[in-house]
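got a predicted structure plus its sequence, pasted below:
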Amino acid sequence: MVDFLTMPLYYLLVFAFLKAVTSAGAGLKWVRVNVPQYRVPGEVAQLQCDYDLGNDTLYSVKWYKEHEEFYRFVPKALPPANSYKVDGVHVDMTKSDNRKVVLHSVNWKSSGLFRCEVSAEAPSFASAQSEARMEVVSLPDEDPVISGVEEQYQIGDEINLNCTSGRSRPASILHWYINEQQIQKDEALIKYPIEHHAKGLVTSTLGLRFILSNRHFLGGSMRVKCVASIAPVLFSEDREAVVHSLPVMRDMREALLLVKSASSQVGISRLFYLFISIVFYLIL
Ligand SMILES: *[C@@H]1O[C@H](CO)[C@@H](O)[C@H](O)[C@H]1NC(C)=O
Ligand SMILES: *[C@@H]1O[C@H](CO)[C@@H](O)[C@H](O)[C@H]1NC(C)=O
């Protein structure tokens with residue numbers, strides 16, 4: 001407990017501690033970057049570099065993408081700011097300074113690790129750095145497509161379908177559902193390699209294979225659904241923190257295959273005449 005008697009002593013101790021800490025590192029204390037985690041092609045990206053120089057004087061602020069320098073700010077140079085050509089990085093010099101760099105119109109080549117390095121002048125020559133990743137994300141323009149659909153199925157037939165995502169970057173993650181139940185069994189799922197297209201975009205294909213049985217029909221119909229999202233990849237690093245801030249969740253897309261049993265009354269025959277309709281819709 002801190003009562004009124006020990007309070008002044010307490011403050012004195014804290015003060016002495018802070019004084020010790022600050023005089024030990026009177027110069028450059030820290031550097032911290034603030035880089036947007038996700039951007040969509042064509043967007044502007046502002047990369048922030050915050051630092052506390054203490055009683056040091058700034059010598060330079062340098063920005064690197066991976067290990068290539070693309071921007072340098074040296075207050076005593078003329079001009080103080082310079083940019084260097086790096087793939088996917090187009091600096092807006094009018095909006096960039098010693099605290100931030102603005103990139104106009106990011107594209108898929110702009111993804112990467114961005115590092116800010118701050119150096120102090122003599123006599124300390126101290127330097128410190130901080131880095132963070134930015135991912136340029138292309139959401140698919142189209143819904144996934146279910147292929148391999150036959151006109152009719154009989155109980156006992158093998159159902160063999162493919163679900164192919166729209167073009168995205170990074171790759172879409174696909175999931176199959178039967179009557180709203182996600183298919184987890186490895187033997188029912190066939191994983192195909194992702195296909196590469198122009199501009200770094202890729203498509204994913206996931207196969208679904210199973211033997212049709214009566215238990216698949218609920219109230220005379222079976223709903224086979226394929227859901228494509230790129231969210232799981234994006235969320236894998238920090239699942240909780242990004243869930244709410246990303247537009248990507250809204251861009252989960254799906255394809256639905258509704259298999260109807262037309263003759264549930266014809267009990268003797270185990271033959272089902274199935275009307276198939278494919279409905280695509282987008283959950284917003
Ligand atoms: C910064 O502060 C430290 C400790 O107080 C001192 O030794 C150093 O000379 C100062 N440097 C400058 C550039 O003022
Ligand atoms: C599914 O896609 C793969 C890869 O493109 C292809 O080899 C296979 O024949 C397709 N299967 C069906 C049922 O369409």
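Looks like it arrived, so ask away. Ligands and ions are numbered 1, 2, ... in the order given.

near ligand 2, which residues of the stretch 51-200 of the chain?
Residues of the stretch 51-200 of the chain lying close to ligand 2 (C-beta under 6 Å from any ligand atom) are 147, 148, 160, 162, 192. Where you see a C-beta, it was placed from the backbone N, CA and C, and this is true even at glycine.

restricted to helices, list those residues.
In helices, judged by DSSP state H, none of those are found.

filter the residues you listed down to the buried ones.
Among these, those classed as buried by 16 or more other C-beta atoms under 10 Å are residue 162.

quick one: residue 213 and residue 154 touch, right?
No - at 10.7 Å, residue 213 does not count as touching residue 154 under the criterion of C-beta atoms under 8 Å.

tally up the residues packed near residue 86, please.
19 (other C-beta atoms under 10 Å).

specify the beta-bridge partners of it.
In this entry, residue 86 is beta-bridged to residue 89, by DSSP bridges.

test my guess that it contacts residue 70.
Yes - between residue 86 and residue 70 there is a contact at 4.2 Å, judged by C-beta under 8 Å.

can you pull the pLDDT of the residue in the stretch 1-150 of the chain that ligand 2 sits nearest to?
Nearest to ligand 2, among the residues of the stretch 1-150 of the chain, is residue 148, at 3.0 Å (C-beta to the nearest ligand atom). Here the pLDDT value assigned to residue 148 is 93.

go on, residue 269?
27.

same question for residue 151.
For residue 151, the model assigns a pLDDT of 85.

count of neighbours near it?
Around residue 151 there are 8 residues (other C-beta under 10 Å).

do residue 193 as well
8.

same question, residue 122
Residues within reach of residue 122, counting by other C-beta under 10 Å, total 8.

you'd agree it is in a helix?
No - applying DSSP: H, G, I helix; E, B strand; the rest coil, one finds residue 122 to be coil, outside a helix.

low-scoring pLDDT stretches of the stretch 1-150 of the chain, where are they?
Regions of the stretch 1-150 of the chain meeting the criterion pLDDT under 70 cover residues 1-25.

which residue does it have closest to ligand 1?
residue 26 (3.1 Å).

that residue: what's it in contact with?
By C-beta atoms under 8 Å, 6 or more residues apart in numbering, residue 26 lies in contact with 54, 55, 56.

then residue 107?
41, 42, 88, 136, 199.

from residue 137, how far off is the second one?
From residue 42 across to residue 137, the span is 12 Å (C-beta to C-beta, to the nearest Å).

so residue 163 makes contact with residue 174?
Yes - Residue 163 lies in contact with residue 174 (C-beta under 8 Å); the separation is 5.3 Å.

no further queries at this time; thank you.
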